[in-house]
Each structure stands twice: as C-alpha cells, then as structure tokens.
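Trainee: I would like the atomic coordinates for the input below:
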Amino acid sequence: MENSVDEILKQIKEEVINLKESPLYSIRVQNKVFPVIGEGNHQAKIMFIGEAPGKNEALTGRPFCGAAGRILTEMLDSIGLDRKDVYITNIVKDRPPDNRDPMPNEIALYAPFLDRQIDAIKPKVIATLGRFSMAYIMERLGLKDSLSSISQMHGKTFGAKSTFGEVKIVPLYHPAVALYQNSLKKDLFEDFKAIKNLI
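Mentor: Next up, the predicted model:
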C-alpha cells in the first residue's frame with residue numbers, strides 16, 4: 001500500500017532534521033534553531049516555494065513567518081486564500097548564515113526533499129517566490145529554455161508536465177522585495193491575480 005501524504009511528509013521531516021551531511025546542519029545545531037520543512041494543506045492545489053529560511057523562520061521552524069511572511073499573507077488575502085489552504089515551503093530547508101543566497105551545493109542537497117513534497121502533495125499550481133526557486137522549478141519540469149530574468153517572467157503562467165500530471169508554474173518576486181521597493185509590491189498584487197485565475 002502506498003504511504004499517505006502525511007506519512008511521506010513526516011518521513012521527509014525526519015530526514016531533514018537528521019541531515020548531518022548538510023553544511024548548514026552544524027550551524028543549525030550550534031544556534032539551537034530549527035529546519036523549516038513546510039506547512040499548510042497537504043492536499044493543497046497551490047504550492048508556494050521560496051528559497052531558504054530567514055532568521056524568524058529558523059527560530060520558529062515555520063516558513064515565511066517574518067516581515068516577508070506578512071506580505072505573503074496579505075497577497076493571499078487579496079485573492080481570497082487563507083494560508084492554511086495552501087502549502088508553503090522552500091528549496092533549502094535550513095537557514096544559510098546571515099541570510100546569504102543559497103549555494104548551488106545546498107540547493108542540490110535539499111532539492112530532492114522538495115521534489116518529494118511536490119510529488120506527495122500534487123499541486124495544480126506551483127508559485128515560485130524568488131529567482132532561485134524559479135530557476136530550479138523551471139529546469140526541473142523541463143522548461144529551461146523558457147528561463148529568463150525574473151523581471152521578465154514574473155506573473156506569467158507556464159504549463160508543464162510533472163510525475164502526477166499537468167501543473168502550472170507562476171514565477172513571482174520574493175515577497176521580501178516588496179519591503180524595499182514599493183513598485184514591486186504593486187507587481188506582486190497584480191501577479192497574484194494570475195494565480196486566482198488558475199484556481
């Protein structure tokens with residue numbers, strides 16, 4: 001019998017907690033913080049994928065719980081969605097030091113967990129938050145040739161085939177950009193409308 005989604009996600013959590021081969025593992029243990037596996041509806045139609053946890057996320061073990069998370073919640077509210085209706089995660093599950101960008105080797109190490117989360121949840125729409133998750137998901141689902149800069153791709157919808165069928169990908173700016181550039185916040189609100197039209 002196939003494992004249930006809950007069992008698969010629980011197994012992923014256990015493996016990430018014990019991922020001693022990760023260069024970020026010892027930093028996590030030293031700082032007494034948590035990995036951030038993901039949270040939300042295990043049958044979600046929409047999955048949001050960020051890059052890596054920040055300070056607040058590592059302290060709580062919850063994705064997007066700081067200032068960028070407030071923006072994300074605001075965006076969800078604007079299209080009538082509750083956080084508990086979607087699934088939110090990152091490619092890299094442990095916080096890189098000083099919130100630096102995730103390294104290619106870190107993405108390579110953690111990405112298989114994300115792949116398993118996607119396959120377990122089977123979303124209809126994957127919204128990527130930021131350029132790292134955009135690049136990873138587009139390449140992973142065979143859309144490498146469509147890749148360009150996030151400023152050109154944000155808010156557009158791309159169809160792809162996954163292991164469980166058709167899926168739509170919507171690249172979005174990372175909500176953190178809205179904290180620094182108000183014009184991009186308007187773009188984010190507009191781009192979220194594209195998601196609303198897909199559900």
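Trainee: lowest confidence element among the helices and strands of the chain?
Mentor: helix 177-180 (a mean of 88; mean pLDDT, DSSP states H and E).
Trainee: where do the helices sit along the chain?
Mentor: Applying DSSP state H to the chain gives helices spanning 5-17, 25-31, 55-60, 67-78, 104-121, 131-140, 150-153, 177-180, 182-196.
Trainee: ranking those by burial, who's on top?
Mentor: When you average the neighbours per residue for each of the helices of the chain (mean count of other Cβ atoms under 10 Å), helix 131-140 leads with a mean of 21. Placement of C-beta: from N, CA and C, glycine included.
Trainee: returning to what we had before: can you list contacts of the least confident helix or strand of the chain?
Mentor: Contact partners of helix 177-180, identified using Cβ atoms under 8 Å, 6 or more residues apart in numbering, comprise 67-68, 71, 184-185, 188.
Trainee: for stretch 189-199, same thing?
Mentor: Here stretch 189-199 has contacts from 45-46, 75-76, 78-80, 124-125, 127, 154-157, 168, 170, 172-173, using Cβ under 8 Å, 6+ apart.
Trainee: Just send the helices of the chain back as a markdown table, with distance to Asp85 too.
Mentor: As requested, the helices of the chain are exported to a markdown table (distance: least, Cβ to Cβ, whole Å):
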| stretch | distance to Asp85 |
| --- | --- |
| helix 5-17 | 15 |
| helix 25-31 | 29 |
| helix 55-60 | 20 |
| helix 67-78 | 8 |
| helix 104-121 | 12 |
| helix 131-140 | 20 |
| helix 150-153 | 25 |
| helix 177-180 | 21 |
| helix 182-196 | 12 |
